[in-house]
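Visitor: okay, here's the prediction I keep looking at, along with the sequence it came from:
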Amino acid sequence: MGRPVTWFEVCASDHEALHEFYAALFEWKIEPLPGMDYAIVDTGGAVGGGITAGAADVVVYVEVDDLDAHLRRAEELGGRVVTPVTEIPDMVTFAQLADPAGNTIGLVQATPPAETEETEPAPKYVVRYQTSSKAPELVPVHFPAHRARLDEFHARGELLLVGTFADPMAEGSMAVFTSRAAAEAFVDGDPFRLEGVISGWTIQEWHEMYMR
């Protein structure tokens with residue numbers, strides 16, 4: 001499922017001059033926030049935004065469930081972090097990145113659903129590895145780096161479970177991650193994939209029915 005655009009910001013050094021412009025042009029409702037260089041924009045539609053001080057730019061914000069994981073994934077894909085994860089208490093938690101072309105894109109933390117008895121657990125993502133015929137000779141060489149990567153993702157809370165099946169050569173192994181971004185990031189940099197220990201892999205969304 002794609003990540004939705006849920007907010008936008010129009011930036012300008014003389015940002016207050018834009019209030020009247022957009023109100024007249026699109027009939028948007030502009031509400032300045034007292035004591036801040038920021039105004040809330042009510043577009044009348046599903047996506048709202050803000051007008052704020054800064055270098056002239058328009059930034060869209062994409063709602064994601066894991067800001068840190070998406071920032072790391074962006075860097076691995078050739079982007080860079082512009083604004084690290086920042087929390088404005090009682091308002092929003094956000095970050096900003098630049099894509100490989102230099103465009104600024106915002107990320108906003110998704111609001112978790114209210115906890116009720118009928119709330120379904122968030123989906124997990126299962127990585128399945130198929131073992132290469134070269135694994136017996138390669139595993140002793142590359143396992144320490146592979147294990148260090150497992151420990152890193154587990155320490156961050158992104159890797160929940162990992163292990164092999166009864167016959168690893170024939171059946172392979174699997175790992176369970178908290179998000180697709182984390183699963184993809186792990187596989188992309190895993191020495192087992194880079195050095196040919198595995199011959200293939202899949203990533204599947206998985207939904208729990210019962211929890212311990």
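Guide: Happy to help now that I have it.
Visitor: use CA for all of it now, contacts and neighbours both
Guide: Noted.
Visitor: which element is Asp188 on?
Guide: Using DSSP states H and E, Asp188 sits in helix 180-189.
Visitor: who's in contact with that helix?
Guide: 69-70, 72-73, 76, 124-127, 149, 153, 158, 176-177, 193, 203, 205 (CA atoms under 8 Å, 6 or more residues apart in numbering).
Visitor: can we see that at 6 Å?
Guide: Residues outside helix 180-189 that contact it (CA atoms under 6 Å, 6 or more residues apart in numbering) are 69, 125, 177.
Visitor: ranking those by neighbours, who comes first?
Guide: Neighbour counts for the contacts of helix 180-189 (other CA atoms under 10 Å) peak at Phe177, which has 26 neighbours.
Visitor: please name the nearest non-neighbouring residue to it.
Guide: Leu159 (4.5 Å; CA to CA, 6 or more residues apart in numbering).
Visitor: quick one: the helices in the chain?
Guide: Remark: helices assigned in the chain by DSSP state H are 17-26, 67-76, 135-155, 168-171, 180-189, 191-194.
Visitor: can I get those in a markdown table with mean pLDDT and distance to Leu107?
Guide: Formatted as a markdown table, these follow (pLDDT from 0 to 100; distance: least, CA to CA, whole Å):
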| stretch | mean pLDDT | distance to Leu107 |
| --- | --- | --- |
| helix 17-26 | 94 | 24 |
| helix 67-76 | 94 | 7 |
| helix 135-155 | 94 | 21 |
| helix 168-171 | 94 | 38 |
| helix 180-189 | 95 | 14 |
| helix 191-194 | 96 | 29 |
